[in-house]
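**Student:** Got a predicted structure here, sequence first:
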Amino acid sequence: MRRTTGPAVVGAAILAWGEWVNWRWSRALVGSGAGGSEAVVVLGYRNPRPTANFVNRRRVRAGIRSAAADTRVIFSGGPTGGGAAEAQLMADYAKSVLGFDGPVLLEDRSATTWENITNVIPLLEDVDRVKIVSQPAHALKARAYLRRQRPDLAERLVRADDYRLGEWMVGKPLLALYGLWTLRNLTAEERQVGPGPEIRPGPPR
């Protein structure tokens with residue numbers, strides 16, 4: 001009994017840790033939001049195939065479920081390996097497979113997360129609430145970059161529906177480990193749950 005109980009407890013603890021870390025990241029640097037208009041920014045993942053890959057399909061689904069009926073959905077990501085832009089592949093998947101018929105905009109030039117944010121800023125100027133969709137760690141990184149580039153727009157950030165308890169539970173510990181590495185250069189203030197203090201603009205580190 002002890003031989004089986006020990007590994008089971010360790011496994012449960014690892015899964016719980018993955019859930020907690022991703023939950024915390026999904027709630028960092030967001031506020032409660034106010035106003036009627038909203039934009040959902042879905043960040044692309046490198047996609048050399050002619051159709052949306054698994055990661056991008058997951059992000060599109062999270063983006064669509066984060067959107068209300070009249071929400072502007074912005075797909076952001078440039079071409080990978082000479083193929084179609086990530087933004088276009090995600091939009092095609094949203095429309096042809098998920099049947100999404102809401103307003104869609106494409107930002108199809110970005111090659112990095114910093115560029116994603118830089119290039120979507122003109123598309124966010126006239127909305128009251130902004131949701132950024134990706135894996136929780138990546139979305140937090142993007143929110144931190146928005147705070148650095150445009151603190152005024154970052155005040156409009158609200159939580160997206162890209163984290164759900166129990167969803168992809170087995171993979172969350174791996175996502176958490178990878179997230180710890182990708183977020184290593186964020187400040188403690190940028191990781192905190194809630195809107196956080198004002199961050200001065202600056203390039204990624």
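**Tutor:** Thanks, I have the structure now.
**Student:** who's in contact with stretch 105-117?
**Tutor:** With Cβ atoms under 8 Å, 6 or more residues apart in numbering as the test, stretch 105-117 has contacts from 41, 43-44, 72-79, 85-88, 91, 118-120, 123, 138, 141-142, 145-146, 149, 203-204. Every C-beta, even on glycine, is put in place using the N, C-alpha and C of the backbone.
**Student:** So which elements touch the longest helix along the chain?
**Tutor:** Longest helix in the chain, counting residues (DSSP state H): helix 2-26. Helices and strands touching helix 2-26, by 3 or more Cβ pairs under 8 Å, 6 or more residues apart in numbering; DSSP states H and E, are helix 136-149, helix 172-182.
**Student:** Could I get the average pLDDT for the first one?
**Tutor:** Translated: helix 136-149. What helix 136-149 shows for mean pLDDT is 97.
**Student:** what do you get for stretch 183-190?
**Tutor:** The model assigns stretch 183-190 a mean pLDDT of 88.
**Student:** can you give me how far that stretch is from the chain middle?
**Tutor:** 16 Å (Cα atoms, centre = their mean, to the nearest Å).
**Student:** cool, stretch 105-120 as well?
**Tutor:** The answer for stretch 105-120 is 13 Å, by Cα atoms, centre = their mean.
**Student:** do the same with stretch 122-142
**Tutor:** 7 Å.
**Student:** Endpoints of it, how far apart?
**Tutor:** 16 Å (Cα to Cα, to the nearest Å).
**Student:** Excluding its own residues, what touches the longest helix of the chain? List them.
**Tutor:** 135-137, 139-140, 159-160, 162-163, 165-166, 169-176, 179-180, 183, 191, 193.
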